[in-house]
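J.: Give me the fold of what follows.
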Amino acid sequence: MSNAMLIADPTTGLVSRADVCAQVAPEPTRTWNPISHRTMLEWVEDALAVGGWRIKSEEHTLSHQGETWFGVFDIDRPLFDGVSLACGVRNNTGKKLSGQFLAGRRVFICANLEFDAEILAVEKHYRNIHQILPPKIHEAVGELDGYCQRQGQVIGRMKELELDKDTSNSQLIEMADSSIISWSDIGKVKRIYDTDERWGAAPSIWRLHNSATTVLQRRLRTNAPSFADRTTRLNSQMSNLVERISRN
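T.: Numbering: from 1, shown residues only. Sure, this is the predicted structure:
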C-alpha cells in the first residue's frame, strides 16, 4: 500500500480531510475487502445528508501509518443547553479494526467529546461490506432524532442527581477497575471534580462524568478508537448510576 506522507498538527495531532482521503486501501483478497477511508467518509456523509443532519465541523486523526482513521463530525443539533450531537467514524485498512459509526455528544463549555453505544453501526471488512455497512449506517442515522431526545432527558437527570463523597469515590474506583481511566488518573479526575465548577457547583453525576471525560480527552489525539471505547463504557457506567439512584 502506498500512502501519502502524513503531516499532523503538532499541537492537536489532527490531520486534514485531504490527508484522510489520500490513504489508499490494499487490494482485496477472497475473504477480506478493505475499504478506503474516503469511501467510509462518503458513506457517512451521504447518510447524514439524506437524514437532514447538517455537519458544523469535523476533525480527523490517522494512526498506524495511516491504516486507522477516526473522524468526528459535530452536528447542528443541541441535546441540552451547552451540549450538542456529535458522530464518530472509524475505519481500518490493516485487518485490525472493523468499520464503525457511532453517536455521542460535545460539551461546549469544555469542548469535551464522548461517545456511547446506543447508536452504533459496525461491520468487519468481509467481501460483502459494500452491501451491508451503508444500510446499517443509514439505519443508525435514522435513529438519531430519538437518541437526541433521550440524551436530553439523561443529561437533565445527571445534572439533577447529586453524589455523596462515598458514592463519588466508589465510582472513581469502578472507572479505574474497568480500565475506563488508569489508576494513576483517579487523583486527576478527583481534583477536577472537587474544584472545577464549569458543570455546576453541586457535586452532581454530570460534574463527575465531565471530570472523567476531561482527563480522557488526550486519548482522542493519541488513540481515538480507545478513546471512543472508554467514553462509551463511561457513559454506560454513569447511566447505570442514574438508574440506580433514581430507583432509591
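J.: Remind me what the lowest-mean-pLDDT helix or strand in the chain packs against, helices and strands.
T.: Sorted by mean pLDDT, DSSP states H and E, the helices and strands of the chain end with helix 218-222, the least confident at a mean of 85. With contacts defined as 3 or more Cβ pairs under 8 Å, 6 or more residues apart in numbering; DSSP states H and E, the secondary structure elements packing on helix 218-222 are helix 224-247. Every C-beta, even on glycine, is put in place using the N, C-alpha and C of the backbone.
J.: Other residues contacting the helix it packs on?
T.: Under the criterion Cβ atoms under 8 Å, 6 or more residues apart in numbering, residues 61, 63, 68, 70, 88, 90, 97, 102, 104, 113-117, 154, 157-158, 161, 171, 174-175, 178-181, 205, 208-209, 212-213, 216-217, 219-220 lie in contact with helix 224-247.
J.: from those, which would you call buried?
T.: In the contacts of helix 224-247, burial by neighbour count holds for 61, 63, 68, 70, 88, 90, 97, 102, 104, 113-116, 154, 157-158, 161, 171, 175, 180-181, 205, 208-209, 212-213, 216, 219-220, counting by 16 or more other Cβ atoms under 10 Å.
J.: Against residue 126, how distant is residue 30?
T.: Applying Cβ to Cβ, to the nearest Å, the value for residue 30 to residue 126 is 10 Å.
J.: okay, these two: which has more neighbours?
T.: For residue 30 and residue 126, the more surrounded residue by other Cβ atoms under 10 Å is residue 126, and the numbers stand at 13 against 6.
J.: Verify the stated contact: the more buried one with residue 34.
T.: No. Assessed by Cβ atoms under 8 Å, residue 126 is found out of contact with residue 34, at 10.3 Å.
J.: low pLDDT regions in the protein?
T.: Along the chain, segments meeting pLDDT under 70 span 1-12.
J.: Roughly how far does residue 230 sit from residue 109?
T.: Here the criterion is Cβ to Cβ. By it, residue 230 lies 21 Å from residue 109.
J.: The two: which has the busier surroundings?
T.: The residue with more neighbours, out of residue 230 and residue 109 and counting by other Cβ under 10 Å, is residue 230; that gives 23 against 10.
J.: For residue 70, what are phi and psi?
T.: Per-residue torsions, residue 70: phi -130, psi 120 (degrees, to the nearest 10).
J.: Just the buried positions in stretch 27-43, please.
T.: Residues 33-41, 43 are the ones in stretch 27-43 that count as buried (16+ other Cβ under 10 Å).
J.: Convert the C-alpha atoms of stretch 125-132 to PDB, please.
T.: The C-alpha atoms that make up stretch 125-132 are tabulated as PDB, following Å, rounded to 0.1, in the frame of the first residue of the first chain:
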ATOM      1  CA  HIS A 125     -14.200  -5.900   6.300                       C
ATOM      2  CA  TYR A 126     -15.600  -9.000   4.700                       C
ATOM      3  CA  ARG A 127     -16.300  -9.300   0.900                       C
ATOM      4  CA  ASN A 128     -19.900  -8.000   1.200                       C
ATOM      5  CA  ILE A 129     -19.100  -4.900   3.400                       C
ATOM      6  CA  HIS A 130     -20.300  -2.700   0.500                       C
ATOM      7  CA  GLN A 131     -23.700  -4.200   0.600                       C
ATOM      8  CA  ILE A 132     -24.000  -4.400   4.400                       C
END
